[in-house]
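# Okay, sequence plus prediction incoming.
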Amino acid sequence: RSVLCVCDAVTFGPLCSGNSDNSRRQSDSRGQGHYGARRGDRVHKGLDIMCTDGSTVYAPFDVTLHGNVIVYTDPAKAAINQGINLRGEGLCFKLFYVRPDKTSGSVRKGQRIGTMLPMQSVYPGITSHVHVQMCDKSDPTPYF
């Protein structure tokens with residue numbers, strides 16, 4: 001049973017400075033960035049959009065901010081253990097590895113949301129990226 005949503009026409013605007021076309025993380029020494037990629041005994045439930053450490057992260061469309069995301073329980077990953085819950089265009093989604101400037105209120109498309117965290121300090125050699133995950137863990141790829 002499929003559910004059709006008027007949000008099918010939604011496309012994410014640029015998420016990260018220096019990556020205006022939302023290029024995706026492909027294969028690197030740490031794995032792959034597509035939705036459904038294997039992570040040992042787990043499955044990757046998001047889409048990785050390339051973003052250099054320290055870059056500015058932008059609202060992909062008009063959004064409201066709905067608090068912090070805690071990504072990990074492992075204290076060794078504290079340097080990148082932040083993110084933000086967002087809603088907009090009928091979508092509910094999370095961005096991982098972002099230090100948000102604020103965690104409530106609204107942000108217009110193209111305005112700054114926060115800063116890409118230092119992924120290389122935790123995962124040396126990985127393609128640094130923002131992880132986009134839908135709240136229901138469905139595939140975000142059609143929105144890109």
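The structure has been received and is ready for your questions. Residues are numbered from 1 along each chain as shown.

# make it CA atoms for all contacts and neighbour counts henceforth
OK.

# name the helices or strands packed onto the helix or strand of the chain at the bottom of the mean pLDDT ranking?
Ranked by mean pLDDT, DSSP states H and E, the weakest helix or strand in the chain is strand 38-39, scoring a mean of 86. Contact here means 3 or more CA pairs under 8 Å, 6 or more residues apart in numbering; DSSP states H and E; on that basis strand 38-39 packs against strand 31-32.

# Distance of residue 94 relative to residue 10?
16 Å (CA to CA, to the nearest Å).

# just residue 65 next, same as before
Taken as CA to CA, the span from residue 65 to residue 10 is 18 Å.

# Looking at the two now, which is surrounded by more residues?
The neighbour comparison of residue 65 against residue 10 (other CA atoms under 10 Å) goes to residue 65, with 19 against 15.

# Hmm, residue 106 and the more buried one touching each other?
Yes - using CA atoms under 8 Å, residue 65 is in contact with residue 106, at 5.9 Å.

# residue boundaries of the strands in the protein?
27-28, 31-32, 38-39, 42-43, 47-50, 56-58, 63-68, 83-88, 91-96, 98-100, 104-107, 112-116, 129-134 (DSSP state E).

# List of residues touching the second one?
Counting by CA atoms under 8 Å, 6 or more residues apart in numbering, strand 31-32 makes contact with 25-26, 37-39, all of which sit outside it.

# pLDDT weak spots in this structure?
Applying pLDDT under 70 to the chain flags the ranges 1-8.

# what about residue 31, distance to residue 111?
The value you get for residue 31 to residue 111, if CA to CA is used, is 31 Å.

# With residue 27 instead?
From residue 27 to residue 111 the distance is 30 Å (CA to CA).

# More neighbours: which of these two?
Ranked by neighbour count (other CA under 10 Å), residue 27 and residue 111 place residue 111 first, with 15 against 12.

# what residues are up against the more buried one?
So residue 111 contacts 58-59 (CA under 8 Å, 6+ apart).

# With residue 108 instead?
59, 61-63.

# Specify which member of those residues is nearest to residue 87.
Residue 87 has its nearest neighbour among the contacts of residue 108 in residue 63, at 5.4 Å by CA to CA.

# Make sure the closest one is actually in contact with residue 85.
No - using CA under 8 Å as the test, residue 63 is too far from residue 85 to be in contact (9.8 Å).
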